[in-house]
Every structure is written in C-alpha cells, then in structure tokens.
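> Sequence unavailable; structure follows:
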C-alpha cells in the first residue's frame with residue numbers, strides 16, 4: 001500500500017482544532033467546579049458568622065432574663081415581642097442584628113409554679129442567593 005502525502009496535508013489542522021475544542025471544554029468545566037467551590041466556602045463562612053451572631057443574641061437574652069445580683073428571673077423580656085440587641089456588627093458579613101424572642105411557660109408541680117423560658121435567636125448574614133440564616137434556641141428554668 002502506498003500513502004499519498006498530498007491527501008494527508010490538512011490532517012494536522014483538523015487534529016489541532018479538535019484538541020483545542022477538547023481543552024477549551026475541559027477548562028470551562030474546571031472553571032465551573034472552581035466557582036462552585038468558591039460559593040460553598042463563602043456560604044460556610046457566612047453560616048459560621050450567622051451562627052456566632054445568633055449565639056450572641058441567645059446569650060444576650062439569657063443575661064437580660066437572669067441579671068447579675070438579682071434572684072429569680074426578670075421576665076420583662078418575655079412579652080411575646082421580638083427584641084433587637086444593641087451590638088456592633090463591624091467587619092462582618094452580617095447586615096442586621098439578631099432577632100431575639102422569649103416565651104415563658106408555667107407548670108404546676110406539687111403545688112409549686114415552675115417557670116420555663118424559651119429564648120429563640122435568629123441571625124442572617126450575606127445577601128441575595130448567598131444569604132444564610134441560623135437559629136439558636138435556649139431553654140432555661142427558674143430556680144427559686
């Protein structure tokens with residue numbers, strides 16, 4: 001069999017185009033995966049910030065409910081409304097302060113009223129599709 005060199009002249013050009021298309025396709029898929037990883041890390045960081053902010057809101061509620069140097073609970077925070085603690089949000093991805101709500105439940109046990117308090121703190125960080133919300137719930141019991 002004889003190979004004719006003139007019939008194979010355009011073969012290298014076709015192979016180069018095919019290789020460039022395949023490399024371009026792989027590059028676009030790698031870019032898509034990298035962008036997805038970046039979004040995941042951003043949401044993880046914002047989620048941690050929101051969790052910490054919600055935790056701070058729950059602690060604020062506990063301090064308001066059980067002030068230092070006072071026996072018993074100060075249930076004025078448990079009026080059914082949502083409270084916003086006065087705290088600084090500098091250098092964080094969070095735009096709003098946590099929302100803290102307290103509910104009180106009384107239970108009679110052997111003729112004694114026992115009060116239970118539920119504090120729910122909600123915090124959101126981020127914007128748009130990257131917004132992350134975390135909720136912290138704390139239960140407390142008044143000891144007399």
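Great, that's in hand. Keep in mind the model is a prediction, meaning the values are calculated, not measured.

> switch to C-alpha atoms for all contacts and neighbour counts from now on
Will do.

> check contacts around the residue most central in space within the chain.
By CA atoms, centre = their mean, the chain has its centre lying nearest to residue 47, at 2.4 Å. The neighbours of residue 47, taking CA atoms under 8 Å, 6 or more residues apart in numbering as the test, are 125, 132, 133, 134.

> so what's it scoring on pLDDT?
pLDDT for residue 47: 91.

> hang on, it in a helix?
Yes - counting by DSSP: H, G, I helix; E, B strand; the rest coil, residue 47 falls inside a helix.

> re the thing from before, please tell me which one of the contacts of residue 47 counts the most neighbours.
Neighbour count (other CA atoms under 10 Å) singles out residue 125 as the most crowded of the contacts of residue 47, with 26 neighbours.

> can you pull up the bridge partners for it?
Judged by DSSP bridges, the bridge partners of residue 125 are residue 132.

> who's in contact with it?
By CA under 8 Å, 6+ apart, residue 125 lies in contact with 46, 47, 49, 50, 93, 94, 95, 96, 131, 132, 133.

> For these, give me CSV that also has distance to residue 16.
Below are those laid out as CSV (distance: CA to CA, whole Å):
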residue, distance to residue 16
46, 45
47, 46
49, 50
50, 51
93, 47
94, 50
95, 52
96, 55
131, 45
132, 46
133, 50
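
> Confidence-wise, which of those comes last?
The member of those with the lowest pLDDT is residue 93, at 70.

> quick revisit: mind putting the contacts of residue 47 in TSV, distance to residue 24 included?
TSV is the format used below for the contacts of residue 47 (distance: CA to CA, whole Å):
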residue	distance to residue 24
125	36
132	34
133	38
134	40
